[in-house]
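S.K.: Give me coordinates for this.
(one chain, ligands or ions: 1)
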Amino acid sequence: MVLPRQRALKHVQVREHVRSLIEQLPAGAAAPSERELVARFGVARMTVRQALDALVVEGLLERIPGRGTFVTQPIEHGREITSFTEDMRRRGLLPESQTLVARLEQAGPGVARALDLSVADPVLHWKRLRRADGQVICVEDAYLNEVLLPGFLQHGTPTSLYDALEARGLRPTRAEDSIAAEAASVEDADLLGIAVGAPVLRHSRRALAGDRIVEVSRSVYRHDAFTIYRQLES
Ligand code: GLP
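M.R.: Sure, this is the predicted structure:
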């Protein structure tokens, strides 16, 4: 009988073996196949999959549907400004969004200050529930400078905000991010399906395209469904 502890060690053993292999491979190279690893370690396919999943989540491997698992391209200095869609795809998860609010509003004092506008200037408010592989993991509020994006969100919502900004030459090139632990508010708890006061991770961003402030956002993640990975260099 295989004890749970031994099984856990096997999974770590496979993961660390693959990690040392891929350290020597160029970006884009194929990862060792599940079949190879099953044969080499004499473990169940599930154990191998679990080991590879961990490396996908760490950002060392990426799954390309219909093609296989590959060594990821290194993120330049770990400072890339990623969208939710890109972040989830990189983890091998399917991103989805559900729009809760998409309307033209007048900027309140906080949003006006962050977007460098005046109070009551027009802003686009886009609130979405965001899913990864079908599970709700985040509720995201974004405010956009309407002057830069005339007519945006008026004829339906795009799948990805950053793709839509890119199409308009407004993809963020700079961002100020802050990440903090908080207790879930009544509204966020309800949307995320967690208890009021449960821990959440709040990610706030102010994003600029060149010197134009395009977006301020507040993304609230379930603490049990999201980990932030950073590759740092000095
Ligand atoms: C991340 C950022 C948000 C941004 C979003 C866009 O979550 N923190 O500021 O609005 O990505 O994601 P997408 O392009 O998938 O709509």
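S.K.: Which positions in this structure make contact with the ligand?
M.R.: 83-85, 140, 142, 160-163, 203, 205, 215, 217, 219 (CB under 6 Å from any ligand atom). All C-beta spots, glycine's among them, are computed from the backbone N, C-alpha and C.
S.K.: Would you show me how to pick out the buried ones of these in PyMOL?
M.R.: This is the PyMOL syntax for the buried subset of the residues of the chain next to the ligand, where burial follows 16 or more other CB atoms under 10 Å:
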select buried, resi 83+84+85+140+142+161+162+203+205+215+217+219
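S.K.: And this protein, split by domain according to the record?
M.R.: 5-71, 84-222 (automatic domain parsing).
S.K.: Go through the ones you listed and name the closest to Y229.
M.R.: Ranking those by proximity to Y229 (CB to CB) places domain 5-71 first, at 5.2 Å.
S.K.: C-terminal to the one helix or strand in the chain whose mean pLDDT sits lowest, what's the next element?
M.R.: One helix or strand of the chain scores below all others by mean pLDDT, DSSP states H and E: helix 4-23, with a mean of 81. Remark: after helix 4-23, the chain's next helix or strand is helix 34-41, criterion DSSP states H and E.
S.K.: other SSEs contacting that following helix?
M.R.: The contact analysis (3 or more CB pairs under 8 Å, 6 or more residues apart in numbering; DSSP states H and E) places helix 34-41 against helix 4-23, helix 45-57.
S.K.: Please identify the buried residues of the first one?
M.R.: Meaning helix 4-23. Using 16+ other CB under 10 Å as the burial criterion, the residues of helix 4-23 that qualify are K10, H11, V14, R15, V18, I22.
S.K.: How many residues are close by G68?
M.R.: Close neighbours of G68, defined as other CB atoms under 10 Å, add up to 12.
S.K.: Do I have it right that it meets G28?
M.R.: No. Taking CB atoms under 8 Å as the definition, G68 is not a contact partner of G28, at 11.4 Å.
S.K.: and of the domains of the chain, who's closest to R230?
M.R.: Once the domains of the chain are compared by CB to CB, domain 5-71 is nearest, at 9.2 Å.
S.K.: From the chain's centre, how far out is that closest one? Work that out for me.
M.R.: When C-alpha coordinates are averaged (CA atoms, centre = their mean, to the nearest Å), domain 5-71 and its chain have centres 22 Å apart.
S.K.: and if you look at stretch 189-199?
M.R.: 20 Å.
S.K.: what does stretch 120-138 give?
M.R.: Centroid separation for stretch 120-138 versus its chain: 13 Å, with CA atoms, centre = their mean.
S.K.: cool, and stretch 146-163?
M.R.: Remark: stretch 146-163 is offset 20 Å from the chain centroid, using CA atoms, centre = their mean.
S.K.: and the nearest residue to F226 once chain neighbours are set aside, what are its phi and psi?
M.R.: Nearest residue to F226, sequence neighbours excluded (CB to CB, 6 or more residues apart in numbering): I137, at 5.5 Å. Backbone torsions of I137, given as degrees, to the nearest 10, read phi -120, psi -10.
S.K.: give the contact list for I137.
M.R.: R130, R131, L192, Y221, R222, A225, F226 (CB atoms under 8 Å, 6 or more residues apart in numbering).
S.K.: Quickly note the distance from it to the ligand.
M.R.: I137 is 11 Å from the ligand, where distance means CB to the nearest ligand atom, to the nearest Å.
S.K.: three-state assignment of R218?
M.R.: strand (DSSP: H, G, I helix; E, B strand; the rest coil).
S.K.: what's in contact with the least confident helix or strand of the chain?
M.R.: Contacts for helix 4-23 (CB under 8 Å, 6+ apart): 29, 31-32, 37, 41, 43, 47-48, 50-52, 54-55, 60-61, 71.
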